[in-house]
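Novice: Sharing a model that was predicted from the sequence below.
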Amino acid sequence: QVQLHQSGGGLVQAGESLRLSCAASDGSLSGYAVGWFRQSTGEEREFVAAISWHGGNTYYQDSVEGRFTISRDNGLNTVYLQMNGLKPEDTAVYYCAARETLTSKIAGVYEFWGQGTQVTVSS
């Protein structure tokens, strides 16, 4: 059982940056693939980025490729999402999620979820 706790997020202007963190408590993240998802009001939860358990493989949604970077520090049991060049359309509640096997872009296959954190980008 892994409990995920998110931090970061907030209100920024377009073009600015934020870093989200996803830390595991009561367990280790080192054996888990981790994904970031986001959900805007009235929309489905969508894939943003994912990283393999060893950190050697990363995957991104096309709209964030080149602006967002997912990384992990297994020693700190933490995964990060660095978001640069934020746009108003990035506004959403962001969630991290973990699963024991391979990375996936499908939210439904992730077993453990963080509490969500709001990111708001003003124009």
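Specialist: Arrived safely, thanks for sending.

Novice: Closest to the centroid, which residue in this protein?
Specialist: Relative to the mean C-alpha position of the chain, the nearest C-alpha, by C-alpha atoms, centre = their mean, is the one of W36, at 2.6 Å.

Novice: packing partners for the one helix or strand that one maps to?
Specialist: Applying DSSP states H and E as the criterion places W36 in strand 33-39. Strand 33-39 sits against strand 18-25, strand 46-51, strand 68-73, strand 78-83, strand 92-99, with contacts defined as 3 or more C-beta pairs under 8 Å, 6 or more residues apart in numbering; DSSP states H and E. Every residue, glycine included, has its C-beta placed from N, CA and C.

Novice: could you dump those strands to TSV with distance to Y60 and mean neighbour count?
Specialist: Converted to TSV, the helices and strands packed on strand 33-39 look like this (distance: least, C-beta to C-beta, whole Å; neighbours: other C-beta atoms under 10 Å):
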stretch	distance to Y60	mean neighbour count
strand 18-25	14	20
strand 46-51	5	22
strand 68-73	6	19
strand 78-83	10	23
strand 92-99	14	23
